[in-house]
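Undergrad: This is the structure alone, sequence omitted:
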């Protein structure tokens, strides 16, 4: 297990390094000048030049890359061009929204999607299964921003149960903060739950055909016992991979949903930074998002290994 | 159409009746204001973003003068001033017993610091032009300051009343980006990045005190989210509501009050005058004849906006009504194009920055110009891209921009400006205008300038951008117009 | 796809429903290239927000354009973006997957790591990067979605190909002196084609959703072009006054995605389930 | 009184009846066998007895179980062992826990851990096995665990559904003797299901022969074997008996293929920093095959015989050693096998279903080897293919059909034809008859012998079945753990085996 983990960590480190290089260099050719944007349409050329020097933009690309990279190792990502504040602090502030949002959506989609998938698989072909799968089919097909908007119309504008958006920092009022995230989390989670339910059902239906389920039943277990004791855990393996990938979708989803609910998340930081050509913030934020996805995939790999002794000992997962 | 609105309104009314006690009442001295764009930072002397001024101008920071609702210059930190006979030296008498929010006292040294900082070689002030004519700033005593300018200037007092010239203290100037410290009626409390800025009443303020205790400025960029936030009672108003299409809904809803005013934003179809075929005045005139202003105002802004025929604010006393110069006339436009050698029309690029007026207006204008054979390729760009393409590289054919600087006809005298309009006659007029202090003379010059640029059809003049505020009906004291970038909350109060 | 699979799939009720739906959308899209009830590039402001009528069956939008015509063009754009994204993913991903399965060793390891790497960039992040570099457009959205499709197809192709490479007819082909490339092309690709088609329908419906999401945040299709996502986005702010503006494209997206999902589900159910599993088909759902 | 009595059992799926009118009874302590080829309905019969038929199956008829009422039938009174040892155990659970689960259900009052240890010991496994996961065990070990699970509830009847079919000969023999011993010790009845008449007759007192869902014949094992009444039974018995050796008149010629010091090892997966672990698949193999000679290659599973045959055919590469073919060095340490050699050398595979691309017509597959002879014209090509077909007794008009149109035996003929298209000097036959139903094995072997007689082709005949090898080979090589441990004239080796593994392989045969 430790060997497995160390191999993976090495892989994660290499991936992150490559990602950092690609993100930095790609964005360096981005058209537009942060200094010019900050000073606006009537700015004089010498003011722009002064600001460029001030921001360190006149240094060569590679030099700036290595400054940034070494900063990364020390947790110091530099100072935002437009906001004149440490990037690390800016991002930590935004992660307070994005991370709980993505994680609670992941949690919600899991506790909604998996049981529905399991129950549907157990009642395959019956009314419950059919109606659950029709709902899931629709859930998969609804664009999440559209769904988010419907939620706002119902729960915020019409019934006023939850706020239509906005966010109060956790430190100020944790209950209010959590309340602000309820609708966004649901908007993100339900489509994903529909996907999970479908996959869980397919996977469990497959597993229920497996020989070891028959062995378990021959042993004397009832069908339900066999499904819960042997089937679900095995059926979860492919679902786990999907959940890892789903996190990538959730990250994408948070960026979209943040706009609907005007949440101060990482996605909006990226957009506002792009529109100010605050490249240092854009790079670091994108890298953090990518790192989050990689981290979750790493956790999924570890969980996979923890659940499945074949991988734990084999060291390699095929496929 | 109206039926649907009615239904929606009735439904919302019912809910409002049930829930009104939670929405307001208990916290009557607090105010939550929606704002579309979040500022990059909060130092108005170090950035062009209007979003900075919308929060801090007149609320947190004050200048020597201030601009009132009608665009007139009023005393602020300078209680009075005198101008020398040659028009070159301004003597300001400063307000006494003023302290900055951090407790430091305000005196002539702060004014000196402010102006020296803005004028300095390495200054990053976005409007360095305001300070360029200044040759000297001296403190006569602790509460008297002399400012000398190189040539007489008509709008100097107005200019130093703008957000870029607010007075900052040397102790706090560097940290104003995150914790602005000024002398205004509101104190900065905190800024939750990405979300909101909170300001509260400055108890030590010596002028006319603010009537609300605390104001929260919430950043909502999505027009639909803005609408939801208002309807859900989450914000009390928007000084600039981002969705003109929804105004009719709020107008029909008695819970809300829609304030329609004007901004200093002349919205124009800008044309690259140095580039063929636009260097031919006939082509530009053809374009002007093809434009149908009201359709653009209706289509893009849902009727909000005043048509203009030149680059000047219609509410300004110097405004010259030139709307009739180029009536919509497709045949004439085609004839002009044929004269210029383009009987079949031509293709051109149309770079559209993000605001609604531009993106929507662009589609409508493209349809209108297609009628005279000009095929436009619409290219959506964001502001940095637009600045790089337009201002720096002059790589565009058409664009739509709202020029929000007050009294900015002077840009036509700069051949390097992105229109690349180069007319020595106009340049002479503007030069003269800049050094003329006499109002009647100034008016004459300004009107002449307007006529010239309209005759030359430098740009397509579309409409004056409206300021459309949506507020809870119980609020009063909001500014209907935006004579300068800013959003003065001092007079806002619950009825 | 062989005719046998298709014939068997036709017995599947959800496949028939999906086929009917997707064929309908495809037809609308193709027709829109040659003909729409009204031109979509005119602006007729006085006539905006028209109700359903005999002239404008689905009414008119905020610029007075015919909604039905816009919907047809929007479907065509959405379909084009999604389909070309699938094409990008398949044309690059499938060969990569085939090469990985055929060559094994370091090349396979490299391709797999590359796959994981691309997976770490959700389409929206690629879209952000691409858009900041080249500006927003339907094409850039398509490229971003396409990039994300590459590892999906590579994975499916490799997984399915690996199981085929253990089969004896592949050995027989090797004995006949065929190179790995020839074997991949003649024996492996045709045998995984139906699996790839299933994956393509799934990616296609995901692509339509992704395009909608990207258009919503302004990274996708730009006016005056239109797509289902853009129509939905533009209609959002009219929702209170003119809910139909948003409901029509919203329903179109949902039906569109469901149609292609049902099509894919039906094909998948009809395919040999073992092959399906080998391909790890659900990877992308 | 019989323990289980099945009367007029019919099982159908929808319209399709797969089991028709089966009657059988199992008395206390009796060992009953059911034999039949795939699709004969034998497994469904067994599943109906333990009440585990798939939901879609419709069952008619009467099954009387004289077992205590009210209690759990499955596990407690009837235990069952299944065929596929790779998949019958939950891969995520330690095998001891899987045994314990059965104990918890049926014997809740005992000390589970010690009982698990006893059961593990009863199936002849070391005590530590209980802590292992299924993937760490060999097929035989897993099948023993399956047996331990079935025994945990102390059932009166054990149903074993093809428990040994996926195992190699030696393991099969061990499992069969283990089942016999346990049945004796526990006085437990057994229902043993197999396609292998040898295995059934080794265990059971009474056998039922099934064909296509119908019961063909039943009776005392010895009686049925001695005097079968039905043709089908006769054919089964004939096929299960060692094939008669065909005499050959062909002279064995000069050395055709010479291997010297062939070695190959595979890297085992592990963390990249750890010392690399290797599996030595082939260790210094040297051998010779002469012209027109048939050399048998036998050994237990995992001994390396498949790797060796693939290296000879040019499908894999050796890491060390030299290969000379027809006087030419074709060692492939560098580059591919030369085309010239490839034309002279071909291979026939085990699985007649996997050896043809299902999407291509037979014509496509049969012309494919001619890729190696680009100099041939269209007519010559057709002649070659048609001649090859003729030799294996197939007609050219079959060429336009797809593989699924043919039976296993026909496909294997096509496979042989494909190997003959190039007119090779050596054909590697990798278990060419193992996947075929017993009734058609004889035909294929006959064909191979005939071809050799006529054209002087040399064979490397790889098989786990010693009787088949004895029937066809001149010389035999016995492999164990990557080495050739014994070789010589086939009769000499099999009559007087020297190596331990040869003796064990010979003893494991289950002939009638």
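TA: Thanks, I have the structure now. As the structure is a prediction and not an experimental result, all values here were calculated from the model. Numbering: from 1, shown residues only, chains lettered A, B, ... in the order given.
Undergrad: Return the residues in contact with residue B:265.
TA: B:402-404, B:464-465 (C-beta atoms under 8 Å, 6 or more residues apart in numbering or on different chains). C-beta: built from backbone N, CA, C; applies to glycine.
Undergrad: Minimum pLDDT in these, which residue is that?
TA: The weakest per-residue confidence within the contacts of residue B:265 falls on residue B:404 (84).
Undergrad: My guess is that residue contacts residue B:263. True?
TA: Yes - Residue B:404 lies in contact with residue B:263 (C-beta atoms under 8 Å); the separation is 6.2 Å.
Undergrad: With neighbour numbers in mind, choose between the two.
TA: Of the pair residue B:404 and residue B:263, residue B:263 is the one with more neighbours under other C-beta atoms under 10 Å in any protein chain shown, namely 24 against 17.
Undergrad: Now the more buried one. Nearest residue, chain neighbours left out?
TA: Take residue B:263 and drop its neighbours on the chain: the residue closest to it by C-beta to C-beta, 6 or more residues apart in numbering or on different chains is residue B:482, 4.3 Å away.
Undergrad: Against which helices or strands is the helix or strand where residue A:133 lies packed?
TA: Here residue A:133 sits within helix A:127-141, counting by DSSP states H and E. Counting contacts by 3 or more C-beta pairs under 8 Å, 6 or more residues apart in numbering or on different chains; DSSP states H and E, helix A:127-141 packs against helix A:87-122, helix A:174-208, helix C:243-270.
Undergrad: Out of these, flag the one nearest residue B:178.
TA: Across the helices and strands packed on helix A:127-141, residue B:178 has its closest neighbour in helix A:87-122 (10.1 Å, C-beta to C-beta).
Undergrad: by how many degrees do the closest one and helix A:127-141 diverge?
TA: Between the axes of helix A:87-122 and helix A:127-141, defined by axes from the mean of the first three to the mean of the last three C-alpha atoms, to 10 degrees, the angle is 150 degrees.
Undergrad: hmm, helix A:87-122 in reach of chain B?
TA: Yes - using C-beta under 8 Å from any C-beta of the partner chain, we find that helix A:87-122 touches chain B at A:90, A:93-94, A:97.
Undergrad: Save those as TSV, and put in distance to residue D:476 and neighbour count too.
TA: Compiled in TSV, the residues of helix A:87-122 next to chain B are given as follows (distance: C-beta to C-beta, whole Å; neighbours: other C-beta atoms under 10 Å in any protein chain shown):
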residue	distance to residue D:476	neighbour count
A:90	77	24
A:93	78	19
A:94	74	25
A:97	75	29
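Undergrad: ok, and of those residues, which contact chain D?
TA: Counting by C-beta under 8 Å from any C-beta, the subset of the residues of helix A:87-122 next to chain B that neighbours chain D is empty.
Undergrad: so which of these comes closest to chain C?
TA: Nearest to chain C, judged by C-beta to the nearest C-beta, of the residues of helix A:87-122 next to chain B is residue A:94 at 15.0 Å.
Undergrad: OK, contacts around that closest one?
TA: Applying C-beta under 8 Å, 6+ apart, we find residue A:94 in contact with A:264-266, A:268-269, A:285, B:193-194.
Undergrad: which residue ranges form the strands in the stretch 351-495 of chain B?
TA: Read by DSSP state E, counting those that start in this stretch, the stretch 351-495 of chain B holds these strands, from start to end of the chain: B:374-380, B:398-403, B:460-472, B:475-476, B:493-494.
Undergrad: all helices of the stretch 201-350 of chain B, in order?
TA: Using DSSP state H, counting those that start in this stretch, the helices found in the stretch 201-350 of chain B span residues B:223-231, B:247-251, B:281-290, B:293-301, B:330-339.
Undergrad: go on, the stretch 351-500 of chain D?
TA: Chain-ordered helices for the stretch 351-500 of chain D, with DSSP H, counting those that start in this stretch as the definition, fall at D:362-367, D:378-391, D:408-420, D:438-455, D:466-472, D:490-495, D:500-507.
Undergrad: Mean neighbour count, those: which tops it?
TA: Per-stretch averages of neighbours, counted by mean count of other C-beta atoms under 10 Å in any protein chain shown, single out helix D:408-420 among the helices of the stretch 351-500 of chain D, with a mean of 23.
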